[in-house]
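**Q** Give the three-dimensional model of this entry:
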Amino acid sequence: MSDTASMASALSDSVDVAALAELAGKALEEGEEEHALSLIARGAEKANAALLWQWKALLERSLDEHEQALASFDKAARLAPADVGIAHGHARTAMEAGLDARALYERVVALAPKGGQILVGQAAARAAMGEGDRAIADLQAALEQAPAWLYGHEQLAQLMATEGRAAEATSSLERALARFPNAQPLWETLLNVQLRRGAYGSLLDIVGRARAAGVSTPEFQIYEGIHAAEFGEEAKPAALFGSFPDPVDKALESWRIRHLLRVGEAEAALPLIDRQLAGTVSAEIWAYTATAWRMAGDPRSEWLEGDPAFVQVIDLSDTLPPIDKLAETLRALHVAKGEYLDQSVRGGTQTDGPLLSRIDPAIQHLRRAIVGAVEGYKAQLPPIDEKHPLLRHPRDRRVRFTGSWSVRLRSKGHHSNHVHPLGWISSALYVALPKRREGEREDAGWFTLGEPDEKLGIHLPPWRKIEPKPAQLVLFPSWMWHGTVPFEDGERLTVAFDVGVPR
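**A** Next comes the predicted model:
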């Protein structure tokens, strides 16, 4: 019995607000919301306590029941109108639900005008309603007043990119550094933003500028090593394979593997990979592992990726909302003008926020179809294998999404080859596709699996290509390399999501 179930049993007749709040917190922590929700709802009704209405809302939000969560937050806010946590949760849930949350965020800002997460949320709410320039201006003004607000710089950089102003992404950091050239955290944030956007070539210049300003930290060795991993031609450049303190050494391990693959030394990468596989392994390491084992002809490659059950193509024609209506709904959400700093989209836009949390009937219909498909996918997987990154997890827990979005690609658009670090099972659902043009390559717009990040320069072809069709869903492990072949002209509209590791 889980701690949540045990606590729920002991509190079955209780109206103790503090004890029920503790139960709700434990349920949220353990992913056992259903075991606590009815007790919290009963307690909230009987005690009429703002705290319990807030916890009810948080449990409902975690279950993606955003409409119910909004009603619960509304009751909590009426009871405690000055509570910042309640007001912020209300605004954030409204935005996730796909509603205009600007007025709610204005209320939160009035309660906590210097709250960093709140200001970023307000900017996102404005951008979602087509006020991207105002959102940028608001964050810029806040950063002028608080130039050491690192999270604000990072979020402004992302917003600049999605508003089509990627060339200005680091402008607030540069202005802050002009004022405070000795501020080490600002230099590290600038490096991190450039790293996220894949601007590896800028890293050495930034480190050099920082050192010229009198700033030095072991962290700089990480970025010098990353630059060597991307541009060094030696098998083991000193900036990457030298002797480093433990935190730096650990941070560079995956970059060493990446570099060895890039320079064609797959055999030399195998011992490093084996060492990584003995600990906690990221999606990125599994992707490099798959590439190395294929390049080296390692028989473990078949165990990792070879089972046909790992990639499924599912026709959702009979369970989706009308495809034209769904396409119309999704197009209205594509208000961004540019690409995210750290996503795979090339030549298109991606929606912000959790798509499948929106309360629009068409999206909720879509969500039900997707959940059913994921349950079917899990049911046909091979038996549990404690060593396998897909098969080691239990299959009896509810489907939870760690992300969901829509992508709209334009002419020449595609996805670069990538993995999803926050997922267990990932996806591509096709809603609208361009017509094939005369003379266009036969596989234009097709989905590919197994082809590494093109920046590695490895001529390893995909081991599978899938022709997209409307209402067709592709499910696959999140750590598999995947991307798309560019197409010539038209629109390619998709939905994608990550199913989280069961908990």
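
**Q** The helix or strand bottoming out on mean pLDDT in the chain pairs with which strands?
**A** The least trusted helix or strand in the chain, going by mean pLDDT, DSSP states H and E, turns out to be strand 345-350, with a mean of 78. In the sheet containing strand 345-350, its partner strands are strand 401-415 (antiparallel), by DSSP bridges.

**Q** how about the strand it pairs with: buried residues?
**A** 401, 402, 403, 404, 405, 406, 407, 408, 409, 413, 414, 415 (16 or more other Cβ atoms under 10 Å). (Each C-beta comes from the backbone N, C-alpha and C, glycine too.)

**Q** thinking again about what came up before, export the least confident helix or strand of the chain as PDB, just CAs?
**A** Listed next in PDB are the C-alpha coordinates belonging to strand 345-350 (Å, rounded to 0.1, in the frame of the first residue of the first chain):
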ATOM      1  CA  VAL A 345      11.600  22.700 -35.700                       C
ATOM      2  CA  ARG A 346      13.200  24.200 -38.800                       C
ATOM      3  CA  GLY A 347      11.000  26.400 -41.000                       C
ATOM      4  CA  GLY A 348       7.900  26.500 -38.900                       C
ATOM      5  CA  THR A 349       6.300  27.200 -35.500                       C
ATOM      6  CA  GLN A 350       5.400  25.200 -32.400                       C
END
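
**Q** okay, the angle between the next helix or strand after it and strand 401-415?
**A** The C-terminal neighbour of strand 345-350 among helices and strands, as given by DSSP states H and E, is helix 361-379. Between the direction of helix 361-379 and that of strand 401-415, the angle (axes from the mean of the first three to the mean of the last three Cα atoms, to 10 degrees) works out to 100 degrees.

**Q** State the three-state secondary structure for residue 329.
**A** Following DSSP: H, G, I helix; E, B strand; the rest coil, we place residue 329 in the helix state.

**Q** what about it, how many residues close to it?
**A** Residue 329 is flanked by 20 other residues according to other Cβ atoms under 10 Å.

**Q** Please list all residues in contact with the closest residue to it other than its chain neighbours.
**A** In space, not counting the residues next to it along the chain, residue 329 is nearest to residue 362; the distance is 4.6 Å by Cβ to Cβ, 6 or more residues apart in numbering. Under the criterion of Cβ atoms under 8 Å, 6 or more residues apart in numbering, the contact partners of residue 362 comprise 321, 325, 326, 329.

**Q** Over to residue 377?
**A** When contacts are counted by Cβ under 8 Å, 6+ apart, residue 377 touches 312, 314, 425, 475.

**Q** what helix or strand is the last one on?
**A** Using DSSP H and E, residue 475 maps to strand 472-477.

**Q** ok so, going back, out of the contacts of residue 362, grab the one that's most surrounded.
**A** For the contacts of residue 362, counting by other Cβ under 10 Å, the largest number of neighbours falls to residue 326: 24 neighbours.

**Q** Would you check that it makes contact with residue 367?
**A** No. Under the criterion of Cβ atoms under 8 Å, residue 326 lies out of contact with residue 367, with a separation of 11.5 Å.

**Q** shaky segments in this structure?
**A** Across the chain, residues meeting the criterion (pLDDT under 70) sit at 1, 343-345.

**Q** In contact with the residue lying closest to residue 43 once chain neighbours are set aside, which residues?
**A** Distances taken as Cβ to Cβ, 6+ apart put residue 20 closest to residue 43, at 4.4 Å, once the chain neighbours are dropped. By Cβ under 8 Å, 6+ apart, residue 20 lies in contact with 11, 14, 39, 40, 43, 52, 55.
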